[in-house]
Structures are given as C-alpha cells and as structure tokens.
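K.L.:
need a 3D model of the sequence below.
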Amino acid sequence: MNLNGHFESRGWLAARSDEVFAQLDDHYRLSAHMSRSSWMMGGARMSIETDELRGQSVGSRIRLAGRVLGMRLFLEEAVTERNPPRRKVWQTVGTPRLLIIGDYRMGFEIAPEGEGSRLRVFIDYALPQTPPARWLGRLLAPSYARWCTESMVNDAIEHFSPAEGQAAQAR
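P.N.:
You can find the predicted model right below:
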C-alpha cells in the first residue's frame, strides 16, 4: 500500500481515556459522519456493517457502502491494531471503490491530559489510480481527509460535552 497523503486532527475531551476508547471503539459511532447526508458526501450517505466481532478485535472487518452522485461506492476495512485505552488502527482491504481517495490506513490515539484526554485521529491515504477519480483526488483528497478526521474528533468532543451539545441544539 503506497500511502502518500496524510492528515490528522486533535482535540481535548472531558473524559478519561478508557471512556473515550469505549466510545470510539464502536465504528457505528466513530463513522457516524459517513452515515449522515452532507455536502462532502455529495448529499448521500454510506451504510456501515461490521462482522460478528463488531470491529473491536484485530482482524475484524467493517464494510461501508452507498451511492454518491449516482455511483455505487464500497469499501472494506480490517482492524490491524487495537490497544485499549490508547490506540486503534484499521485499513482498507481489497480494492475500495471510492471517488476521492483510494487505499487508506486510519486510526486514533488517546492520551490522558489533565482532567480529560487528548485525542488524535489520523488518516494516511493513496489517491485513486484511475481517471477521473485520480484528478478528483488530487483536488479534493486533502479537504476530504480534513473533514473525516475533524468529524470524528468533533463528534467525540460533542459526545463528552453534553451541556454544550444541548445548548447548541436549543439555539
């Protein structure tokens, strides 16, 4: 896997490392931004499925599928590293069918900090190999990687800041 792009996002969460890990270890919650309609997804959304290990063991599989701009997209990931409550890494297996990025390795790291935890979410990615996806990738992959990692960090911050989340919903 030749991964030549990288992006990471960081944030502080008002929760212990084990609580943060438990929240992020659930790929339905971690990848929730992919299952919501958004401009970055061309107004579409992806469905998320896991094997019987629920993406919570090394070797476990996670599948995402959907349609974006009328095109069927699909990818399968495998968990390659899982060290609670500090780190988890997964990567694509097989040949993903995506528009903006190709193969990727993604993960998160959690470190205790003060009364909470510091979260780092990262993605290392390759551009798609065939035109026009390769051209789209050159143009949009950095923005997509930023959106994906920031969404994961921001969702976690919001989850562990219920008072702020409720105040935002009331506005």
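K.L.:
where do the strands sit along this structure?
P.N.:
Counting by DSSP state E, the chain has strands at residues 5-13, 46-50, 61-68, 71-83, 87-97, 104-113, 116-125.
K.L.:
save the ones you listed as JSON lines, and put in mean neighbour count and mean pLDDT too.
P.N.:
(Each C-beta comes from the backbone N, C-alpha and C, glycine too.) Formatted as JSON lines, the strands of the chain follow (neighbours: other C-beta atoms under 10 Å; pLDDT from 0 to 100):
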{"stretch": "strand 5-13", "mean neighbour count": "17", "mean pLDDT": "97"}
{"stretch": "strand 46-50", "mean neighbour count": "16", "mean pLDDT": "89"}
{"stretch": "strand 61-68", "mean neighbour count": "17", "mean pLDDT": "90"}
{"stretch": "strand 71-83", "mean neighbour count": "16", "mean pLDDT": "94"}
{"stretch": "strand 87-97", "mean neighbour count": "17", "mean pLDDT": "95"}
{"stretch": "strand 104-113", "mean neighbour count": "19", "mean pLDDT": "97"}
{"stretch": "strand 116-125", "mean neighbour count": "21", "mean pLDDT": "98"}
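K.L.:
now those strands as CSV including distance to R146?
P.N.:
Below are the strands of the chain laid out as CSV (distance: least, C-beta to C-beta, whole Å):
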stretch, distance to R146
strand 5-13, 6
strand 46-50, 18
strand 61-68, 18
strand 71-83, 19
strand 87-97, 19
strand 104-113, 13
strand 116-125, 9
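K.L.:
tell me which of those sits nearest to P142.
P.N.:
strand 5-13 (6.6 Å; C-beta to C-beta).
K.L.:
which elements pack onto that closest one?
P.N.:
Counting contacts by 3 or more C-beta pairs under 8 Å, 6 or more residues apart in numbering; DSSP states H and E, strand 5-13 is packed against strand 116-125, helix 133-159.
K.L.:
strand partners (parallel or antiparallel) of that strand?
P.N.:
strand 116-125 (antiparallel) (DSSP bridges).
K.L.:
which strand residues bridge V93?
P.N.:
For V93, the beta-bridge partners are E76 (DSSP bridges).
K.L.:
if I look at the closest residue to G107 other than its chain neighbours, how far off is V79?
P.N.:
Distance criterion C-beta to C-beta, 6 or more residues apart in numbering; nearest residue to G107, sequence neighbours excluded, is V89 at 3.5 Å. Between V89 and V79 the distance is 7 Å, computed by C-beta to C-beta, to the nearest Å.
K.L.:
before we move on, what about R67?
P.N.:
26 Å.
K.L.:
please apply the same query to T50.
P.N.:
Distance from T50 to V79, by C-beta to C-beta: 10 Å.
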